[in-house]
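Undergrad: Here's my sequence, what's the structure:
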Amino acid sequence: MRGCGLYSLGRKQRGPARQAHTKPPEPGNGRGRLWSRASRPRRFILLLELARRRSHEKKNKQRKRQKDHDGAFQRRLLVTAHQFQHSACSIRGKRKEQDNCDCRDREQSEAHKEKERKSEGRKRKSRLQYRRRSRHRAEEAANVAFHFAGVAKAHRSNPKQAKGWFHWIPAMMGLHFDPSTNTAFNPPREMHMLDFGRERLTFSVADTSIVVKLCLRDQANEKLWANQLPELVAEVYWTGQVTVRLSTTHGLEELTLYGLWQRRVETAKEWVENSSPQMQKSFMTYTCAVLTFLALQGIHLRDTGRSNLGLVPGTKESGVPRLIFYDALDWSRRSRDKRQDFRWSQYWNYAKAIVPNVVESLRLQVSEARRDPAKAAKEFTDRCQEYAGHLEDAGVLRQGAFAVVPSWLAKSCPCKASCKHAIEISKLKTARRFASLVLKFVSFILKLFLWSAVFPCSVQRLFEFRSCLFHFLCL
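TA: All right, here's what the predicted structure looks like:
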């Protein structure tokens, strides 16, 4: 037991080897405070734990060193045997046997194995991470061989090689498998291209009210906004990875893209252009009220022009159609410290082309919404009485004012004193402060009565001192 580290803690230490086991933590270490504040029994327990850890680490190092030493010794024995065999071949003068001897190859193979053995530990973590990332991607597109098929043909006048075969997706393809309903079509359904952008293509499926969008990046953000704002963003049925098979002159090419299945809505362009001037003013005011509500919620809007304004048939009570957005891929939520963004350049350009006389008044109402949302909401409602029901149903207005912040934004409300929700919170805080002051005053009176009951003389002297001080100040 005298050689044991645990036994050596209870007696006087001699030599640097034993002192290393019981060296207390340094003040710069994280346990320096614990050591300085601990009592003597507690310090003894900490020293025992430190000695146990260091002895365990030392044993592990010794085992690893012995294992490496044994492996290196065996490898040296093999190399020495091969070298002896090679030298024996050279001494006998057998040049042919010396050239055919494989001891050099064995030496090189042993050195190569040693390098691989060292680098295997470094590559193990990266391989596991790569397998985790690629497993999810492979599972999504592993159900079927391909979803779409067609003959490669450029759908634009200036296709670029940097985009690969994306610019050669034809304007008409066949839909072989629908992942939103897990349905295979034989023969395939026809798909016609409606619009194309820099990184997204839009197709319509024949005999259905569905739109399919193919993109180079993930489109889950649009599904998120469709779930959070169901009355303002078109419904999204499914998002995920899809495979497009193209027939080219070099053979078959398969592209892995991100697909989105969405409800098809009619664009507002033709209806607005064919409406009366009064209806155009009401619709543009209605659109401005919806955009102002979304901006007050802290949402950074993109694509607010005529390319993103859709229409849904209205109810029986209101014959006018309802506004809905069908492209929310680039929308984002701004942080609390940033100001609301009311710069809708595409909307203002479209409003100048349709109702140029109303643009300035709309800008004044939007600037008024930053200071007084209730007043701005009333002005919006007065200008578009036909759409008041749609604003109430969509949750934009509630009792003539902009609605309270939704539950999904309640934790991080970006609007400050210009929002009704913030005003209600400030009123609640004021009421709590008043209640706390009343409780403090009542507690002070109770303490004063208790003190007068226990020490009547001291309370009388206190009141005399206060009266004298008040008389002195009045003089």
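
Undergrad: Can you name the residues that contact Asn186?
TA: If a contact means C-beta atoms under 8 Å, 6 or more residues apart in numbering, then Asn186 has His176 as its contacts. Where you see a C-beta, it was placed from the backbone N, CA and C, and this is true even at glycine.

Undergrad: ok, the strand or helix carrying it: who's next to it in the sheet?
TA: Using DSSP states H and E, Asn186 falls within strand 183-196. With DSSP bridges as the test, strand 183-196 is paired with strand 172-178 (antiparallel), strand 200-205 (antiparallel).

Undergrad: now the last one: mean pLDDT?
TA: Okay, so that is strand 200-205. Across strand 200-205, the average pLDDT comes to 93.

Undergrad: Give me the residues contacting that strand.
TA: 155, 169, 173, 175, 189-196, 210-216, 264, 329.

Undergrad: returning to what we had before: next, format the strands paired with strand 183-196 as CSV and append mean neighbour count and distance to Pro159.
TA: Compiled in CSV, the strands paired with strand 183-196 are given as follows (neighbours: other C-beta atoms under 10 Å; distance: least, C-beta to C-beta, whole Å):
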stretch, mean neighbour count, distance to Pro159
strand 172-178, 19, 16
strand 200-205, 20, 13
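
Undergrad: Dump these into TSV; add distance to Tyr258 as well.
TA: Conversion of those to TSV gives the following (distance: least, C-beta to C-beta, whole Å):
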stretch	distance to Tyr258
strand 172-178	16
strand 200-205	9
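
Undergrad: Of all those strands, which one comes closest to Phe44?
TA: Phe44 sits nearest to strand 200-205 of all the strands paired with strand 183-196, at 69.7 Å, using C-beta to C-beta.

Undergrad: Return that closest one as CSV; C-alpha atoms alone will do.
TA: Listed next in CSV are the C-alpha coordinates belonging to strand 200-205 (Å, rounded to 0.1, in the frame of the first residue of the first chain):
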residue,chain,number,x,y,z
ARG,A,200,-37.2,27.9,-60.8
LEU,A,201,-39.6,26.5,-63.4
THR,A,202,-43.4,26.4,-63.1
PHE,A,203,-45.5,23.7,-64.8
SER,A,204,-49.3,23.0,-64.9
VAL,A,205,-50.5,19.4,-64.7
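
Undergrad: Which helix or strand lies directly C-terminal to it?
TA: Following strand 200-205 in sequence, per DSSP H and E, is strand 210-215.

Undergrad: helices or strands next to that following strand in the packing?
TA: Packing contacts for strand 210-215, counted by 3 or more C-beta pairs under 8 Å, 6 or more residues apart in numbering; DSSP states H and E, involve strand 200-205, strand 236-248, strand 251-263.

Undergrad: go with 6 Å
TA: strand 200-205, strand 251-263 (3 or more C-beta pairs under 6 Å, 6 or more residues apart in numbering; DSSP states H and E).

Undergrad: in it, what's buried?
TA: Ile210, Val211, Val212, Lys213, Leu214, Cys215 (16 or more other C-beta atoms under 10 Å).

Undergrad: now the third one, which residues is it bridged with?
TA: Taking DSSP bridges, one obtains Phe203, Trp261 as the residues bridged to Val212.

Undergrad: Sweet, I'm off.
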